[in-house]
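*Asks:* sequence and predicted structure, then a few things I'm wondering about:
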Amino acid sequence: LEELSDQRKTHPILPTYSTGVKNVDIVPLVKEIGDLVKEGGALQDKFTKIAKNETNCSATMFFKAKHNMGMMEKKRLSQYYLLSKFLTGQLTLYARQDLSKHKADIVNLLAMVDTYNVMITEDPTIPKNGHPAKNSQILSVLHNNRHYHTHIHENFCSPVNHQLKSITTSKILGIIARERAKSTSPVLAKSLVEDMDRQQLEFMTSDVPWMVTPVPFLGIEQEITGTSYLVSSKNKDGDGSKRKNKKNGASPGGTESKSNVFLADVRTHFSAVERLIEDESVLLHHILSLVPKVPGLVNKSMIKEGKDGTPRLNGTMRKKMGEYYHDILWRTSGQLIEEPLLWDGARDRIPMGLAHPKLPLVIATLLKDYVSAQLGDSYPSLVLPSIHIVIEVLNLHAISASWDVQMVRSLAASSRPKTQRVILDDSSHSSITGKLFNETVNSLVHLNNRCIPDVLNDIVSHGLHDPEEFPFLEEMHILRRLQATLFACRNWVETKSAANIQSWKVADFFIINHGDLSRMLPSFDLLQICDHKNVAGTNSTSIKLFSHVQSAVTQQVQTCQTKIRNLPIEQNENLCRVCRTFCLACLQNVFPGGKHWGKSGNNPVTHGSYVKDYTDRILLPVFSALAVFPTETQQVVGRLAVKTLCDSWLEHIYQKKFKFSEQGARSLAADFAYLRQWVDASQHLNDDSKRYLLLLDSIRQCEGVAKLLQNSSGKDVAVKPAKGNKVAPGELPQEDDSPVTQILEAIPPELYVTNHKKWLSLRVGGGGGGGMSLPFCC
């Protein structure tokens, strides 16, 4: 206290240059606390003896002493807490100023910190830093037990969530470094945005064409400056005058206007970072030169006498303290840089968080290249922790920003009652919702693949990848979003497909299941997920946790991918079930009655009028919708539709138990022949698809039933195929160019019917007759 009083006389309290408010003189407060402790020492010993042992006095005196002792201890603890907050607050305030102009004040503040440390250390009611506190070390009436630290936060103390500890030199450096980080982070963020090489960034955007958002990318310069977003920048120049009133090439001052293109030099950015490091190093030098003047803050072994006789820190301690200060400074700067980097705009630019996600993505990629470069072309090693955090912040923002706008638009489109179509660049057809989901999945897959070590580093140039530097957080953000996107896409496909097929909107049904889903499969094949086996033996708890959660999310993503791959097959089964219902309902309305099929005579027959109505209602919508699809899809879906139509046709005939005369059987054969003619004349399918459908067993089975119904002799059909025939039912011919009729004539159609006796019973006057129980192909 005497030393503090002398220093105050030499360096009196002066108004601060920032606020003009006089600083509070802490010396009288410290002196008052010291006097209180000295005066209460003797009283404390007496009260402690009484309060510790209830047998030494009556119960009334004991509880009085305990109550008074507790009140004194509460007062003292409150003063200690307030003093601790005051000292740390003063350190924070001085960290914002130029320390070279306040050296005397800093020395006084450090001396007060040393005095506070001594008071804390010598107070018998405050435990040491060890935990748990022992009974022999504490003379506290309030908590005289091993759980002192557990109860220290109860409401008799001031609401400070930390234990009373000494303010060490490391804590002082940490307080100053964290406060200085609030100043360095905006400077670093401004340099990252304004001093980066924009031509190189523009060139790097060509590597990310897969990131497609509802808002188009306008270029690096326009995205940074916001010329396409800010209304004022479109209508006015910097001096506020309207551009349309200016002549070309004229500037407000009468000189030639300069080009608006900013040609940044990467050395400018590095120079700004180096100047920032130099400024912080100068501040650190002032702090380390003042700390030895207060001997209680450092050990004597750490101090040496300088040439001018003043105490100084030795080289080893200066190096350790400097490394500690810069480590906290730049890590905290990286943690605080998100707000000034993404959300703090300027007069000549908009916040980067409002720009296209490509901008932060390419800046993060460029920073990765700088970090991986050689020492001369990279950042100083002191700021690398901050740059690593900046890269993570930019990548996470690009992931969240791009996914948010893509997913919101996808969900909005999926909620519309009608399926809107669009023609893509490759002339294929897609729904707008499916296109948006495909773009979202494709973007997430590419973002995920950027996290793979083989993509992160060029192993030839930079060696093996360090497993500890894997971007686990980015990977988890991507996989979580990919999982949500796939779930939403699957739910949309199932819901819309069920609604479309029930209303026989087969065009929308095919667009979703055979157009949108097929275009999503290449993204599934492109997805690469790291198994993290190389970090299985790590001791890091956070890495173990990330690996465990990543494996669980990966399993869910892969399960959802498998379900989406199987969706077309499942929906085709739904198509067959609904198509059968529609076919039977249509035949119930249009199929002629039993009298029509039982007529006798030898009149020439033609196909019935119901056949055209039947095929137009069922097959025409299907074939029309398949016109925009490739051959493979036309064959697969067309086969299901034709097979379901034929099977339903035969099912209806057999269920109604119509009796066919020979004339009726020939009429039925003409109806089946018209189906073949109708398929052959279709203008919606290509020749390969029509040829494939004309060779289906289902059509041959119908023709075989008609042949059996015309077989009045009741003789068995020859099982042996024609000589030279090598084509079995259900197989395609070896000669793809052979005529369809030649292939059909090779095998009798009756051989495609599975149960001859069943169909022979439908002849007029027929009760069975001979017949085969198995087709030739069996």
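*Replies:* Yep, it's here. Numbering: from 1, shown residues only.
*Asks:* which SS state does Met211 fall under?
*Replies:* coil (DSSP: H, G, I helix; E, B strand; the rest coil).
*Asks:* pLDDT below threshold where in the stretch 301-450 of the chain?
*Replies:* Per-residue confidence for the stretch 301-450 of the chain (pLDDT under 70) gives these ranges: 345-348, 374-377.
*Asks:* mind listing what the residue nearest to the spatial centre of the chain touches?
*Replies:* Residue closest to the mean C-alpha point of the chain, counted by C-alpha atoms, centre = their mean, is Ile478 at 3.1 Å. By C-beta atoms under 8 Å, 6 or more residues apart in numbering, the contact set of Ile478 is Ile399, Leu444, Leu447, Asn448, Cys451. All C-beta spots, glycine's among them, are computed from the backbone N, C-alpha and C.
*Asks:* any idea how far His388 is from it?
*Replies:* Distance of Ile478 to His388, computed by C-beta to C-beta, to the nearest Å: 18 Å.
*Asks:* please apply the same query to Ser661.
*Replies:* In terms of C-beta to C-beta, Ser661 sits 89 Å off from His388.
*Asks:* what of Gly309?
*Replies:* The separation that Gly309 has from His388, given C-beta to C-beta, amounts to 44 Å.
*Asks:* same question for Cys646.
*Replies:* Distance check for Cys646 against His388: by C-beta to C-beta, it reads 66 Å.
*Asks:* Thr169 now?
*Replies:* Taking C-beta to C-beta, one finds Thr169 at 27 Å from His388.
*Asks:* same question, Arg763
*Replies:* 86 Å.
*Asks:* these two - which one has more neighbours?
*Replies:* Neighbour totals were compared for Arg763 and His388, and Arg763 leads with 22 against 18 (other C-beta atoms under 10 Å).
*Asks:* I figured the more buried one hits Phe658, correct?
*Replies:* No - between Arg763 and Phe658 there is no contact under C-beta atoms under 8 Å: 10.4 Å.
*Asks:* overlap of the contact sets of those two?
*Replies:* Common contact partners of Arg763 and Phe658 (C-beta under 8 Å, 6+ apart): none.
*Asks:* how about Ile478: what's its closest non-neighbour residue?
*Replies:* Asn448 (4.6 Å; C-beta to C-beta, 6 or more residues apart in numbering).
*Asks:* what helix or strand is that neighbour located in?
*Replies:* Following DSSP states H and E, one finds Asn448 within helix 432-449.
*Asks:* helices or strands next to that helix in the packing?
*Replies:* helix 384-414, strand 421-423, helix 472-502, helix 517-526 (3 or more C-beta pairs under 8 Å, 6 or more residues apart in numbering; DSSP states H and E).
*Asks:* ok now it, how far from the chain's centre?
*Replies:* Relative to the chain's own centre, helix 432-449 is displaced by 11 Å; criterion: C-alpha atoms, centre = their mean, to the nearest Å.
*Asks:* let me know the angle separating that helix from helix 472-502.
*Replies:* Using axes from the mean of the first three to the mean of the last three C-alpha atoms, to 10 degrees, the direction of helix 432-449 lies 160 degrees away from that of helix 472-502.
*Asks:* could you list the low-confidence segments of the stretch 1-150 of the chain?
*Replies:* Across the stretch 1-150 of the chain, residues meeting the criterion (pLDDT under 70) sit at 1-27, 29-30, 37, 40-59, 61-62, 125-150.
*Asks:* leaving out the residues flanking it, which one is nearest to Leu447?
*Replies:* Ile478 is the one closest to Leu447 (C-beta to C-beta, 6+ apart), at 5.3 Å.
*Asks:* please report how far that neighbour lies from Leu173.
*Replies:* Ile478 is 38 Å from Leu173, by C-beta to C-beta.
*Asks:* just Ile511 next, same as before
*Replies:* Noted for Ile511: a distance of 65 Å to Leu173, by C-beta to C-beta.
*Asks:* what about the two, which has more around it?
*Replies:* For the pair Ile511 and Leu173, the greater number of neighbours falls to Ile511 (26 against 22), based on other C-beta under 10 Å.
*Asks:* what's the separation between the residue nearest to Ala488 when sequence neighbours are not counted and Val405?
*Replies:* Of all residues not flanking Ala488 in the chain, Leu411 sits nearest, at 6.5 Å (C-beta to C-beta, 6+ apart). As for Leu411, its distance to Val405 is 11 Å (criterion: C-beta to C-beta).
*Asks:* what of Val383?
*Replies:* For Val383, the distance to Val405 - C-beta to C-beta - is 32 Å.
*Asks:* neighbour count: the two, which is higher?
*Replies:* Per other C-beta under 10 Å, whichever of Val383 and Val405 has more neighbours is Val383, with 21 against 16.
*Asks:* I figured the more buried one hits Trp330, correct?
*Replies:* Yes - the pair Val383 and Trp330 passes the contact test of C-beta under 8 Å, sitting 5.2 Å apart.
*Asks:* residue boundaries of the helices in the stretch 501-650 of the chain?
*Replies:* Using DSSP state H, counting those that start in this stretch, the helices found in the stretch 501-650 of the chain span residues 506-510, 517-526, 541-590, 594-598, 609-625, 631-656.
*Asks:* and the third one with helix 609-625, angle?
*Replies:* Right, helix 541-590. Using the same axes, to 10 degrees: helix 541-590 against helix 609-625 is 160 degrees.
*Asks:* report the inter-axis angle for helix 541-590 versus helix 631-656.
*Replies:* Using the same axes, to 10 degrees: helix 541-590 against helix 631-656 is 50 degrees.
*Asks:* next, count neighbours for Leu276.
*Replies:* 20.
*Asks:* roughly how far does the residue nearest to Ala488 sit from Leu685?
*Replies:* For Leu411 relative to Leu685 (C-beta to C-beta), the value is 36 Å.
*Asks:* helix, strand, or coil at the nearest residue in space to Ala95 that is not next to it in sequence?
*Replies:* With sequence-adjacent residues excluded and distances taken as C-beta to C-beta, 6+ apart, Ala95 is closest to Glu179, at 3.9 Å. Per three-state DSSP, the local secondary structure of Glu179 is helix.
*Asks:* tell me which residues touch Glu179, please.
*Replies:* Leu91, Thr92, Ala95, Arg96.
*Asks:* just the buried ones from these?
*Replies:* Leu91, Ala95 (16 or more other C-beta atoms under 10 Å).
*Asks:* now the contacts of Glu179 in CSV, with distance to Asn572?
*Replies:* Putting the contacts of Glu179 into CSV (distance: C-beta to C-beta, whole Å) gives the following:
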residue, distance to Asn572
Leu91, 72
Thr92, 69
Ala95, 70
Arg96, 70
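*Asks:* out of the contacts of Glu179, which is nearest to Glu651?
*Replies:* Thr92 (86.0 Å; C-beta to C-beta).
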